[in-house]
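Q: Provide a 3D model corresponding to the input given below.
(4 chains)
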There are 2 protein chains.
Amino acid sequence: MDDAEAGSKAPGRETYHHGDLRRDLIASVRQLVETHGPDGFSVAEASRAAGVSTAAPYKHFKDKTAILHAVVEDAMQRMADAMADAVAPHPVGSIERIDALGRSYIDFARAQPGVFRLMFGLTRGHENDEVIMERGRSAFRIVVDCVADYLGIDRDANLAWQRAYMLWCFVHGHSFLVIDDKTTKQELDIDEITLLSAVSQGILGTVSKAADS
Amino acid sequence: MDDAEAGSKAPGRETYHHGDLRRDLIASVRQLVETHGPDGFSVAEASRAAGVSTAAPYKHFKDKTAILHAVVEDAMQRMADAMADAVAPHPVGSIERIDALGRSYIDFARAQPGVFRLMFGLTRGHENDEVIMERGRSAFRIVVDCVADYLGIDRDANLAWQRAYMLWCFVHGHSFLVIDDKTTKQELDIDEITLLSAVSQGILGTVSKAADS
DNA sequence: CTTGATAAGTAAGCAATGCTAACTTAAGTT
DNA sequence: AACTTAAGTTAGCATTGCTTACTTATCAAG
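A: Model (predicted):
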């Protein structure tokens, strides 16, 4: 989808070498994860999609899970980028920035629920992958900064971290409930945007005293 | 672990029939899901754990996923029970009830992260299992009731549902982040109980106006 | 008690998967 | 032109999910 130039001889290729199998595999897996769910993806199927033998992927990845990790690393980057893009058009310190952040998070989850689930939990060993953790932290950093700017406090202030985490919990939970269809939306009778901004303002505006242990 | 009397001839049994294989399988699977993760469980392994041939489970369950659904149904029930138990000792309408509710939810997730992940997402077709959905709804019902009682409004009031959902999102999200080790606790520097009650009071106390679309 | 019917187990086997090993082909490098 | 090496291939192993056909126990009825 990006990185314009590349091998791209596949599929049904006539050259022996593929061009950029690694990149193509990640893309194939990403799609398979979306259509068949995170669990129901097979290396064999991805190989076929890339038009290559079932053993070829192991020249580029150690493991099945190594492929998944690569997909997650990629997704983490895309998510962080999406968040940064969502924030950009709004003035620093505005509540709009925070709302936009939340919306971009939920949008990402809704658009690619399979990958989203992959990013959190599911697969063993995420916590040991430093690339994934680092990109996750840098995404969270955006939230912290926006919160700090909105509250007019230092970006390293503990309070900013706490509030940011509260918001993250809410948005994260809502995202999961949405993609898992546990939303009970009909009874809820409130649209997402309203819900989101109500919670943001509630958490950021008025919890101050109680949060200080 | 419960339901005292039962077959329980296994394992290394000497009778041809097992006693209550179905129940034992669910228990085995539950354990396997915890140790090997929700994805890394195999019917074969569960069969071995129950001391029975690999084909035996198919006399009791249609599918691999049917087994997982049974585990989830069981877990949903246990979770709803845990929540009801947590609430019971506190007076109706008190904030303690709500805090206890949140804590029991998180405790459940922490105690059995594999099953918890199984309950939400991961496996295809939860949304079509009426038993699972019903038990989930009845668990949420507890939250709604506690919130309504605390706010002193009707238990069917829309506002109660909205606030309950907000709380649920937060607790749910926090639970996932905890079991996925994305917590960044060291930077957070606030204990869970404080965090929890701060958010509850914030959401229940002061968001009122903004939430009404 | 024998007799059936049925529930609950087993054994054997199929297709598919994850992964490895040994080989082949292409593409530089010197 | 010869070597090295990256990137494919085929063949095969062990394991898995699941099915089919068979075996064994249990229970109800005569």
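
Q: Now whatever helix or strand residue A:26 lives in: buried residues?
A: Element membership for residue A:26 (DSSP states H and E) is helix A:21-36. Residues A:21-34 are the ones in helix A:21-36 that count as buried (16 or more other CB atoms under 10 Å in any protein chain shown). In short, each C-beta sits where N, CA and C put it, glycine included.

Q: Reformat the residues you listed as TSV; add distance to residue B:77 and pLDDT.
A: Shown next, in TSV, are the buried residues of helix A:21-36 (distance: CB to CB, whole Å; pLDDT from 0 to 100):
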residue	distance to residue B:77	pLDDT
A:21	47	91
A:22	46	95
A:23	46	95
A:24	45	94
A:25	42	95
A:26	40	96
A:27	41	96
A:28	40	95
A:29	36	96
A:30	36	96
A:31	37	96
A:32	34	95
A:33	31	95
A:34	32	94
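
Q: circling back to that earlier point, for the helix holding residue A:26, give me every contacting residue.
A: With contact meaning CB atoms under 8 Å, 6 or more residues apart in numbering or on different chains, helix A:21-36 is reached by A:1, A:3, A:6, A:10, A:18, A:41-42, A:45-47, A:49-50, A:52, A:56-57, A:59-61, A:67-68, A:70-71, A:74-75, A:112-115, A:118.

Q: now do 7 Å
A: With CB atoms under 7 Å, 6 or more residues apart in numbering or on different chains as the test, helix A:21-36 has contacts from A:6, A:10, A:41, A:45-46, A:49-50, A:52, A:56-57, A:60, A:67, A:70-71, A:74, A:112, A:114-115, A:118.

Q: Pull out the buried members of those.
A: By 16+ other CB under 10 Å, these give A:10, A:41, A:46, A:49-50, A:52, A:56-57, A:60, A:67, A:70-71, A:74, A:112, A:114-115, A:118 as buried.

Q: Look at the most centrally placed residue in chain A and report its pLDDT.
A: The centroid of chain A falls nearest to residue A:79 when counting by CA atoms, centre = their mean (4.4 Å). Looking at residue A:79, its pLDDT is 97.

Q: how far away is it from residue A:95?
A: To residue A:95, residue A:79 is 22 Å away according to CB to CB, to the nearest Å.

Q: just the angle between the longest helix anywhere in chain A and helix A:21-36, please?
A: Criterion DSSP state H: the longest helix present in chain A is helix A:64-87. Between the axes of helix A:64-87 and helix A:21-36, defined by axes from the mean of the first three to the mean of the last three CA atoms, to 10 degrees, the angle is 80 degrees.

Q: any idea which helix or strand carries residue A:155?
A: Judged by DSSP H and E, residue A:155 forms part of no helix or strand.

Q: Give the burial count for the residue lying closest to it once chain neighbours are set aside, as a bare number.
A: Once flanking residues are discounted, residue A:155 sits nearest to residue A:148: 4.3 Å by CB to CB, 6 or more residues apart in numbering or on different chains. For residue A:148, the neighbour count with other CB atoms under 10 Å in any protein chain shown is 20.

Q: now do the one 10 residues further on
A: In terms of burial, residue A:158 registers 15 neighbours under the definition other CB under 10 Å.

Q: give the contact list for it.
A: residue B:189.

Q: now do residue A:131
A: Residue A:131 neighbours (CB under 7 Å, 6+ apart): residue A:73.

Q: Okay, angle between the helix or strand containing it and helix A:64-87 too, please.
A: Here residue A:131, judged by DSSP H and E, is contained in helix A:130-151. Interaxial angle, helix A:130-151 versus helix A:64-87 (the same axes, to 10 degrees): 20 degrees.

Q: Mean confidence (pLDDT) on helix A:130-151, please.
A: On average, helix A:130-151 scores 94.

Q: ok, now stretch A:39-52?
A: Here the average pLDDT along stretch A:39-52 is 93.

Q: Do me a favour and get the end-to-end distance for it?
A: 22 Å (CA to CA, to the nearest Å).

Q: Spell out which parts of chain A neighbour DNA strand D.
A: Contact residues, chain A versus DNA strand D (CB under 7 Å from any atom of the strand): A:16-19, A:21, A:52-56, A:59-60.

Q: Can you confirm whether the longest helix of chain A lies near chain B?
A: No. Judged by CB under 7 Å from any CB of the partner chain, helix A:64-87 and chain B are separated, with a smallest distance of 9.8 Å.
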